[in-house]
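K.L.:
predicted model and sequence follow; I will ask about them next.
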Amino acid sequence: MSATNFINKTIDLMYAENYILMPTLFQLVVLIVLYSAGMAIPIFNLGLVGDAITAHIYGAAIVVILSFFVLGSAMRGNNLKLKALGLLNVLFCIFAAFEGLFYFGGYVDPSYALMMGLGFLGVLFTSSAITVDVIQRAIHYVSI
């Protein structure tokens, strides 16, 4: 099985409304861990080596991968609101990742940290909005 077929089958499997919910919930949990690991660096005066920065980097990578899964799942459906939120989710993830690369990559300027935090809040908002929308649609379908 080629990698393209594997990705297409995974996205087809994750399209149904309940399959959009699980990656967004997992993304929210990883975002909480990502926030605690990222805030441990300045609070405890840790350097850019060690467990906190490693958890922060791997957590950010997991969040980006999950955001692409969410976008792929939303694009297979016909719900415009989920498509827009999925696209915003990916854009906020990429924005936060690039600002984090600039901040941790040597340009230690507070504006990069602020923009990384803004991207984090955008991902948090869009993931929460997708979760609420999917739960509302599920409740609506059950009540009919």
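P.N.:
Sure, I can see it.
K.L.:
so what's Ile144 scoring on pLDDT?
P.N.:
In this prediction, Ile144 carries a pLDDT score of 57.
K.L.:
element containing the closest residue to Ala40 other than its chain neighbours?
P.N.:
Take Ala40 and drop its neighbours on the chain: the residue closest to it by Cβ to Cβ, 6 or more residues apart in numbering is Ala52, 4.4 Å away. Bear in mind the C-beta positions are built from the backbone N, C-alpha and C, glycine included. Using DSSP states H and E, the element containing Ala52 is helix 51-76.
K.L.:
enumerate the positions of whichever helix or strand comes after that helix that are buried.
P.N.:
As assigned by DSSP H and E, the chain's next helix or strand after helix 51-76 is helix 80-104. Within helix 80-104, the residues scored as buried using 16 or more other Cβ atoms under 10 Å are 82, 85-93, 95-97, 99-100, 102-104.
K.L.:
could you check the angle helix 80-104 makes with helix 51-76?
P.N.:
160 degrees (axes from the mean of the first three to the mean of the last three Cα atoms, to 10 degrees).
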